[in-house]
Every structure is written in C-alpha cells, then in structure tokens.
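Colleague: Provide a 3D model corresponding to the input given below.
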Amino acid sequence: MVASAEGGSGGDDLAAATSLRDRILAAFLADGSAVLVERDDARASLRLTSGEQVVLITCPAGAPPPALRPAFDSAVQRATGQVVHVVAVGGAPGVARELKRSAPFWQLQRRFGFHQVDAGGHVERVTGPRLARLSRAVEAAAGVQAPGDDHFAPYLAQGQQRHTEERQLDAALRNRFPWLTVTLGAVCVILFVLGQAWSDGNFPLVLYRMGANSGAAVRSGEVWRVVASMFLHLNVEHIAVNMIALAAFGPVLERLLGPPRYLLLYGLSGLGGGIASALLSSAGFSVGASGAIWGLMAAGLGLALRPRGLLPPLRLQQARRRAIAPLAINFFYSFQAGVDTWAHFGGGIVGFALMVTGIITLGVDPLWTAGAEGAERRRRRRSSGGLTLAALVFAILLVASLALALVAGRPWQVSAPPVLERVRVADTGLVVTLPDVIARSPKVDTKGDVRVFDYGNLQNAPIMVELVVSVLSQPVSPDQLDEALEIERKAMQDTALPGAQRRDDARIVAVDGRRFVFVTHAIKSVTLRSWVSLLGDREVVLRIYSLPDPPAAWSGIADKIVASLQRQ
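Modeller: So this is what the prediction gives:
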C-alpha cells in the first residue's frame, strides 16, 4: 500500500512538472521568436532568434535533487548554442545546488546560465547569464492550461528542420579551412616583424619605405602604396587589434564565399579604403588592414540584409541581430585621434556594396540545403568564371604591389650607411653630395631671384635637405667675406622662423676649412640646422632637417653634405 501511494504521488509530481514546463514552452513559442528543437517527458530544447539555447528539464517535486544531476550534466554536454540556459522546472529544495554543481568551471567556447522555476512559478537565476524572457514566459504561463502533443507537433517538425539546416551549414563550414585568412594574417605579421628588425629604432621611417599610404606620394606616382599599406601596422597594439578582428570576421565569410570571392571582397575593400585615405586624409601617412576589415564587417551587414539564400532562416535572424553592434562600435572608434577615418569608411562602403548588390555572391551555392531544394537553388544560380579570373588578377596585384614597395623603398637599408652621390643643383652652378635615397627629383620653388630646392622628406629618410640659392648683385671677394658673414650672422640671429624655436645663438663656424654662419632650431621633434655660405655671387642657405634618434649609420652625414657644397 505504501509503495502504491508513493508511485501515485510520483506520477502526480511528474505530471505537474511537465504541465508547468509545457505552459512555459508554449509561452516561448507564442511570439515566433523561438523554435522547438526537442521535446519529450524529460526535457525540451528551444533555439531563440538571439542565438541562445534554452533547455527545460522536467523536475518532479518528489525526485531527490542528486538524482537530477545526470539530466543537468547531459544538457551541458549536448549544448549547441554559444549561450545556453539550463532551466530546472519544478523540483524539491536542493535542485539549485545541483544545478550550480553542473556549471562548467571553464566556459571558453560557450557560456551557461542556470535557472530554476519552482512549482509556484518563482524564477531564480542560480548562476551565469540572465534570461529575461524566462520570467515573462512564466508570467504568461500562469493560469492557462498546458497544450497537448498536437499543439507542439508542427513546432517540433519545423524546429527540427531548422536545426538540421544549421547543423548542415556548420558541418560544411568546418570542412572548409580558412587558409586565405590565415595567409593574409601571416603576411601582416611577417612584414611587421621584418619592419621591426630593419628599423634600427626608427620604425615609422621603415613603414614609409615599406609602402605606407601617403596622398602626396600616391599623387606623385607611387600608386602601389594604396595596396601595400593594407599589410603594414604601426605597433603591436595596432596589429593585434586588426588580427583579432580579421579572425572574428574573416573565416566565416571565406568559408561561405570560397577563397576567390573572399579575396576580392578583402582586397577591393582594402583598395577602397586606401584610395579614400590617399585622396581625403590629411595624415602624413597611414598603414593598416582596417579598411579591408571594415569591408568584411560591412559585408556581414549586407549579407544579413540580403542573404540570397546563403544563410538558413534561424541563422539569418541571428546574423541580423548581431551585424549592427560591431559596426556601431567601430564607427565611433573611427573618429578617435590617430585613426584613419577615411580608410575605415572607404573600405566599409566597398564591402557593403559588393555584398548587398550580390556581385560577390554570384555563383555561390548555399551550404545548408540538400536534395531537390539544394539542386534547384544551384540550378537557378549563375556561376561566373570571370570572378575567379578577377581574383587571380587581384592576387597578382597584391603581390606585385608589395614587391614593388619593398624594391622601391629598400627598407632593409635604413640602418645601413647611405650611399653618397654627387648632385648638380640645376643650373645654379652649385654641386653638393647627398645620400642617393634623397638625391633625385628635388622639388623646386622659384620666387624672383630666390630658388628653393627640397631633396627628400622625413618620411622616406632620416634627413631632408633644403638649398635656398639667391643671386647677389655682385660677387663677394675674399677680402669682404668676414664682413659679409658677420652681416649674415646678425640677420640669422634676428630672424624668427615660423613654428621654430632657436636652440642657440647664430655663430660663424668652420667646416673642412671653410667658414659658414650656423644656427640650430627645433620644430617640434625635428632638428633644423642651417648653414649660410657665400660663394661668389651666390648666397646659399643649406638647411638639414633630421629626425630624433637617427640610425647610427647616418651619423656625420650632415657634415659631409656641408663640406661638399661648392661652385663648379
């Protein structure tokens, strides 16, 4: 008699817990934002459009809490979502303790939230992330009757179909290793390491010579910088952030699109960012994969808005919910000091346009369909061999741009002694010896009888040389030189250069047996040293701008340049 009574009580407990669970289940399904994947007497599993998984475990009040532990552990082991909520429905005191014991200590791939809904409808979050919808579902379940099996049958059929589609997509994605994303990241890391090895303490100079983007340089014909710059990074933090972003957005898009289309998406986005930066940015130079990565982020938004059958319905809803946040965060970050805003927006516009117009998805087969449906989808899609050819051409462009940037800039020579070259200063009758990296194609500015020759720039070399040549009304004889130099000294002492601070008084110095008027100025972190020489009927001001901490191999170069200045 006792055994029979306990059995009847146990059945009532199970029925009560199952009824409460099914009422909560129906409330979750009512608004169409969840799909039912599994349902039996012991458990029911839901997938929310947010991507979260909810597992409802039936817990009869008469069941000892330790006896429920295997069901909780099984829910953890069988979890498929990135965020999984295990909900004990019903149960005696002590269930919460067993739930907490089932929480994994390490939660790296997915996060778990554990909750209990007791027989009275009280909701308790035991540990882990909150689930606000659970409280609303419990409130909606109060005072209504539990639906029967017929009510859940269509939900279960649809949910299992959606779950199968997701599993098929995930399996197909796992079978496609993102080797191109890995290769792009590896190239960035290798170039960063090489640049550090070549820098000799002057990494910005090396970056410029490796192909950093510069509007002035691009307009002068160095167009390879637009492409090469997307593989260069300024510091460890810069490359770390970009590589983490590449790892977050790149693999899924590469697996969905295939390597050729992914290369076009990444490369054209980077090209768009580079062109926008070269045309619109006021920065001295810029580097980084941010334009290309912005293209990937924006392409993710374009895919969510117009998936063209590439994502199953449940995954599509998740993609739409998640696509905005990264772009919004990075939009505001793009206006921070030191960030190339135009590169970000240029790359993002290109990536979004390629995806939302369907250009980049042309000919791509969905990975989540099978059988007749998949065959029909593939039949309706047009494949394009032109895209594959375009990807090959673009790959050659990327490699050629990097190679050309390295050959033209010779960044490995930054720490090597410069090669000196004798240079004729146009038709002024002057000659001077300059490092070959700055000797060619000076910028010339003429103002009346004064001509200014600028050799090199501080982005390309540790020094920049400026020659200001004036024609005197009559030559200065050797007897007049002392008096003329003293006049020049006083003039330099009294003259203030815009934006410069004089470090010492102007004085007359001897260089290799010849006398010059000399003075030093500071322009922010740049040192400006000026020498004035009188050569016959020419007054020559030689200015040498130098970066702080120049490579040791460039030590003494200024004196050699000054000593070499003479008339032919």
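Colleague: ok, how many other residues are close to residue 420?
Modeller: Other residues lying near residue 420 total 15 when counted by other CB atoms under 10 Å. C-betas here are computed from N, CA, C, even on glycine.
Colleague: correction: residue 149
Modeller: Residue 149: 9 neighbours (other CB under 10 Å).
Colleague: for it, give its distance to residue 366.
Modeller: 33 Å (CB to CB, to the nearest Å).
Colleague: in a helix, residue 437, correct?
Modeller: Yes: assessed by DSSP: H, G, I helix; E, B strand; the rest coil, residue 437 belongs to a helix.
Colleague: what sits closest to it if chain neighbours are left out?
Modeller: For residue 437, ignoring the flanking residues on the chain, the nearest one in space by CB to CB, 6 or more residues apart in numbering is residue 461 at 5.1 Å.
Colleague: which SSE is that neighbour in?
Modeller: Assigned by DSSP states H and E, residue 461 belongs to neither a helix nor a strand.
Colleague: before we move on, what about residue 355?
Modeller: Residue-wise, residue 355 maps onto helix 341-356 under DSSP H and E.
Colleague: what's the neighbour count on the residue nearest to residue 437?
Modeller: 25.
Colleague: report how many residues lie close to residue 284.
Modeller: 14.
Colleague: surely it meets residue 215?
Modeller: No: in this structure residue 284 lies outside contact range of residue 215 using CB atoms under 8 Å: 9.3 Å.
Colleague: so for stretch 19-33, mean pLDDT?
Modeller: What stretch 19-33 shows for mean pLDDT is 90.
Colleague: pull out the buried residues from it.
Modeller: Counting neighbours by 16 or more other CB atoms under 10 Å, one finds that the buried residues in stretch 19-33 are 19-29.
Colleague: which helix or strand lies directly C-terminal to the lowest-mean-pLDDT helix or strand in the chain?
Modeller: The helix or strand of the chain with the poorest confidence is helix 371-380; it has a mean of 47 (mean pLDDT, DSSP states H and E). Next helix or strand after helix 371-380 toward the C-terminus (DSSP H and E): helix 385-409.
Colleague: residues making contact with that following helix?
Modeller: Under the criterion CB atoms under 8 Å, 6 or more residues apart in numbering, residues 187, 191, 208-211, 222, 224-228, 231, 259-261, 263-264, 267-268, 360, 362-363, 460 lie in contact with helix 385-409.
Colleague: now the buried members of the residues you listed.
Modeller: 187, 191, 208-211, 222, 224-228, 231, 259-261, 263-264, 267-268, 360, 363, 460.
Colleague: now intersect those residues with the helices, please.
Modeller: 187, 191, 208-210, 225-228, 259-261, 263-264, 267-268 (DSSP state H).
Colleague: which of those residues lies closest to residue 72?
Modeller: Checking those against residue 72 with CB to CB, the nearest one is residue 259 at 42.8 Å.
Colleague: element containing the spatially closest residue to the closest one that is not a sequence neighbour?
Modeller: Using CB to CB, 6+ apart and skipping the chain neighbours, the partner closest in space to residue 259 is residue 180 (4.6 Å). Secondary structure assignment for residue 180, by DSSP H and E: helix 179-199.
Colleague: in terms of secondary structure, what does that helix contact?
Modeller: Under the contact criterion of 3 or more CB pairs under 8 Å, 6 or more residues apart in numbering; DSSP states H and E, helix 179-199 touches helix 203-210, helix 236-257, helix 259-280.
Colleague: can we see that at 10 Å?
Modeller: helix 203-210, helix 236-257, helix 259-280, helix 385-409 (3 or more CB pairs under 10 Å, 6 or more residues apart in numbering; DSSP states H and E).
Colleague: helices or strands up against the shortest one?
Modeller: Counting contacts by 3+ CB pairs under 10 Å, 6+ apart, the secondary-structure elements packed against helix 203-210 are helix 179-199, helix 225-228, helix 385-409.
Colleague: most packed of those?
Modeller: The highest average neighbour count among the helices and strands packed on helix 203-210, using mean count of other CB atoms under 10 Å, belongs to helix 225-228 at a mean of 26.
Colleague: from the chain's centroid, how far away is it?
Modeller: Computed by CA atoms, centre = their mean, to the nearest Å, the chain-centroid distance of helix 225-228 equals 16 Å.
Colleague: and residue 177, how many neighbours does it have?
Modeller: 11.
Colleague: and what of residue 82?
Modeller: If we define neighbours as other CB under 10 Å, then residue 82 has 12 of them.
Colleague: excluding sequence neighbours, find me the nearest residue to it.
Modeller: Nearest non-adjacent residue to residue 82 (CB to CB, 6+ apart): residue 110, at 5.1 Å.
Colleague: contact partners for that neighbour?
Modeller: Counting by CB atoms under 10 Å, 6 or more residues apart in numbering, residue 110 touches 53, 76, 79-84, 104.
Colleague: now it: how far from residue 313?
Modeller: Distance from residue 110 to residue 313, by CB to CB: 22 Å.
Colleague: and if you look at residue 336?
Modeller: Taking CB to CB, one finds residue 336 at 38 Å from residue 313.
Colleague: more neighbours: which of the two?
Modeller: residue 313 (15 against 8).
Colleague: re earlier: do you know how far the residue nearest to residue 82 is from residue 545?
Modeller: For residue 110, the distance to residue 545 - CB to CB - is 57 Å.
Colleague: check residue 13 too.
Modeller: 87 Å.
Colleague: repeat that for residue 83.
Modeller: 57 Å.
Colleague: just the strands in the stretch 1-150 of the chain please.
Modeller: 34-39, 43-48, 53-59, 83-90, 111-117, 123-127 (DSSP state E, counting those that start in this stretch).
Colleague: so which of those strands is nearest residue 296?
Modeller: strand 83-90 (23.6 Å).
Colleague: adjacent strands (with direction) for the closest one?
Modeller: strand 53-59 (parallel), strand 111-117 (parallel) (DSSP bridges).
Colleague: which residue is nearest the centroid of the chain?
Modeller: residue 242 (3.4 Å; CA atoms, centre = their mean).
Colleague: skipping adjacent residues, who's closest to that residue in space?
Modeller: residue 289 (4.7 Å).
Colleague: ok, that neighbour - contacts?
Modeller: Taking CB under 10 Å, 6+ apart, one finds 184-185, 187-188, 229-233, 238-239, 241-243, 245-246, 266, 269-270, 273, 295-296, 343, 347 in contact with residue 289.
Colleague: the residues you listed, buried ones only, as a ChimeraX selection?
Modeller: Selection of buried members from the contacts of residue 289 for ChimeraX, criterion 16+ other CB under 10 Å:
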select :184,185,187,188,229,230,231,232,233,238,239,241,242,243,245,246,266,269,270,273,295,296,343,347
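Colleague: neighbours of residue 286, how many?
Modeller: Residue 286, neighbours per other CB under 10 Å, totals 27.
Colleague: and for residue 552?
Modeller: 10.
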